[in-house]
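In: here is the input, now give the coordinates:
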Amino acid sequence: MKLCVILPVYNAETYLLDCLQSLSNQTFMDFCIVAVNDGSTDTSGEILERYARHEKRLRVYHRAENGGEAAAVNTAMDITRLMHVDYVARMDADDICLETRFEEQIEYLDKHPDITVLGTAMYLYKNFGEGSEIATPPADDADIKVRLFHAAGNLYNPTTMWRHDWFVQHQIHYTESMRVAGDFDMWIQCALQGAKFANLQKPLLHYRIHASQLTAQNTDALNTAVQISLQKLVARLFPNLTEKEVGDLTAICHGFGNYTLSLEQAEQGIALAQRVQSETQSILGENRASLLAYLLHKATIWQNLLPKNSFSG
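Out: Reported below is the predicted structural model:
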């Protein structure tokens, strides 16, 4: 078998059938679906079981209790480790694949053996069929690795497909202690292990926006998880920094509206962004010039806030 699709499901009864039908309708057909029902309290489990009766490629697993996306994905990844497949793809239960998604991603990966993880652009919509906009991530590995510092817009998780053997060899997984941002931590793991990324610029997925996602994106837990993951990358790319300096530099790289810093941490982060400008050698294939420019840009933003600061310690 060429491909396995990982599908975590939790209380997705409103959207799940559309998702499953989009998988069944793929022009590429040599794949299976590992769906993990993560302790849903709605009818998601029943929908999966009914659909599996006629979609023989769908394999359904049920977790007794909800453990969060990371736990559900890791359950699926543990199952795939026993499979002989070339690629694994991610999918979310509230999204819809275009019919040629798998065909186009597999064709690209077959032709580019140096690429480890491949994502795509995607359509963003609130109500399918009522208009959408296109979200386009960076195309090349060097720019994607810089975009990791934004903690957004680097790889769109439900569009991704990766080389199965490479993930098994390097023991890549979601970090279950993080109930949020597990995908971001996984991409950091990949980068640190030498993975090469790419994104197709063609939208191959419809990504549904709804209130529960927007709420999750504004939690302290998300900011903390991103900070912990990004520190690993900062430490690798700037090996001359102390542990505290890594934390201070990382702290000015991201934020989601409610993110606050102490005055001292902001000042230290600004000074460090300026200090590392002499470290121009790429370490993991990142576009170093763009990375250093981004750090200066973030330093300028925080610097402009300092005179009228409202930071909390």
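
In: from here on, contacts and neighbour counts on C-alpha atoms
Out: OK.

In: domain parsing for the protein?
Out: 3-216, 238-308 (automatic domain parsing).

In: please identify the most buried of those.
Out: Greatest average neighbour count among the domains of the chain goes to domain 3-216 (a mean of 19), per mean count of other CA atoms under 10 Å.

In: rewinding a little: now the domains of the chain in TSV, with mean pLDDT?
Out: Shown next, in TSV, are the domains of the chain (pLDDT from 0 to 100):
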stretch	mean pLDDT
domain 3-216	93
domain 238-308	89
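
In: ok, which of those comes nearest Gln231?
Out: Gln231 lies closest, by CA to CA, to one member of the domains of the chain: domain 238-308, at 5.9 Å.

In: got the end-to-end distance for stretch 163-174?
Out: Using CA to CA, to the nearest Å, the end-to-end distance of stretch 163-174 comes to 16 Å.

In: contacts for it next, please.
Out: Contact with stretch 163-174 is made by 70-71, 73-74, 77, 81, 85-88, 116-117, 182-183, 185-186, 189-190, 193, as judged by CA atoms under 8 Å, 6 or more residues apart in numbering.

In: could you redo the last one with a cut-off of 10 Å?
Out: For stretch 163-174, contacts defined as CA atoms under 10 Å, 6 or more residues apart in numbering pick out 3-4, 69-75, 77-78, 80-89, 109, 113, 115-118, 181-187, 189-190, 193-195.

In: what's the answer for stretch 36-54, then?
Out: Outside stretch 36-54, the residues that reach it (CA under 10 Å, 6+ apart) are 6-17, 20-21, 33, 35, 55, 58-69, 71-76, 93.

In: those in strands, which ones?
Out: Using DSSP state E, the members of those that fall in strands are 6-9, 33, 35, 58-63.

In: looking at these, which is nearest Leu237?
Out: Nearest member of the ones in strands among the contacts of stretch 36-54 to Leu237, counting by CA to CA, is Ile6, at 31.2 Å.

In: dump the ones in strands among the contacts of stretch 36-54 to JSON lines, plus distance to Asp248.
Out: Below are the ones in strands among the contacts of stretch 36-54 laid out as JSON lines (distance: CA to CA, whole Å):
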{"residue": "Ile6", "distance to Asp248": "36"}
{"residue": "Leu7", "distance to Asp248": "36"}
{"residue": "Pro8", "distance to Asp248": "35"}
{"residue": "Val9", "distance to Asp248": "37"}
{"residue": "Ile33", "distance to Asp248": "42"}
{"residue": "Ala35", "distance to Asp248": "40"}
{"residue": "Leu58", "distance to Asp248": "46"}
{"residue": "Arg59", "distance to Asp248": "45"}
{"residue": "Val60", "distance to Asp248": "44"}
{"residue": "Tyr61", "distance to Asp248": "42"}
{"residue": "His62", "distance to Asp248": "42"}
{"residue": "Arg63", "distance to Asp248": "39"}
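
In: any chance you could map the helices in this protein?
Out: For the chain, the helices defined by DSSP state H cover 16-24, 44-52, 69-80, 101-111, 141-147, 164-169, 182-192, 211-216, 220-237, 243-251, 263-275, 288-305.

In: what's the closest residue to Asp141 other than its chain neighbours in contact with, if anything?
Out: Distances taken as CA to CA, 6 or more residues apart in numbering place Phe197 nearest to Asp141, at 4.6 Å, with adjacent residues excluded. Applying CA under 10 Å, 6+ apart to Phe197 gives the contacts 114-119, 138-145, 154-155, 162, 187, 190-191.

In: rerun at 6 Å
Out: The neighbours of Phe197, taking CA atoms under 6 Å, 6 or more residues apart in numbering as the test, are 115-118, 141.

In: which strand residues bridge it?
Out: Val117 (DSSP bridges).

In: quick check: the gap between it and His164.
Out: Look at Phe197 and His164: by CA to CA, they are 14 Å apart.

In: check Ala271 too.
Out: From Ala271 to His164 the distance is 42 Å (CA to CA).

In: ok, Ala89 next?
Out: Computed with CA to CA, the distance linking Ala89 and His164 is 9 Å.

In: please apply the same query to Pro203.
Out: 23 Å.

In: try Ile188
Out: Distance from Ile188 to His164, by CA to CA: 17 Å.

In: with Thr300 instead?
Out: In terms of CA to CA, Thr300 sits 41 Å off from His164.
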